[in-house]
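Asks: Predicted structure and sequence below. I'll ask about it afterward.
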Amino acid sequence: MAFFILMTTIPTIHLNGTAGEDLKQEYYAAYKAIDAAIDALQTATFNGRDFYPQGSHAYSQARTERDATFEKLCQAHSYVEDMLSGICDQLP
């Protein structure tokens, strides 16, 4: 699994912008949703026996696709975590 360093532009909390507590709650909800998606995908059955009727390449192709999906979820998780952390750092 490859690791990426995300560069996240954090919003600045100020009087004319979105309330910091709203941002915190919204990004926390996103964080929990991505956690749930990761957990759901990890627990979804993934068995080579379900692919062999399609030919010898099917399982490895499905594994590659699943790994790529996990990577994207991990990237989204990291992005939201950075946003949430940056928002919380600005709150009293």
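Replies: Received the coordinates, thanks. Numbering: from 1, shown residues only.

Asks: Please make it C-alpha for all contacts and neighbour counts, starting now.
Replies: Fine.

Asks: my guess is residue 84 contacts residue 30, does it?
Replies: No. The criterion here is CA atoms under 8 Å, and residue 84 misses it with residue 30 at 9.5 Å.

Asks: out of the two, which sits in the busier spot?
Replies: residue 84 (21 against 17; other CA atoms under 10 Å).

Asks: Mind giving me the packing neighbours of the strand or helix carrying that one?
Replies: Element membership for residue 84, per DSSP states H and E: helix 58-90. The contact analysis (3 or more CA pairs under 8 Å, 6 or more residues apart in numbering; DSSP states H and E) places helix 58-90 against helix 20-43.

Asks: if we look at stretch 55-65, which residues are touching it?
Replies: Outside stretch 55-65, the residues that touch it by CA atoms under 8 Å, 6 or more residues apart in numbering are 48, 51, 52.

Asks: tell me the SS of residue 17?
Replies: Classification of residue 17 using DSSP: H, G, I helix; E, B strand; the rest coil returns coil.

Asks: By neighbour count, which of the contacts of stretch 55-65 wins?
Replies: If you count neighbours using other CA under 10 Å, the busiest of those is residue 51, which has 16 neighbours.
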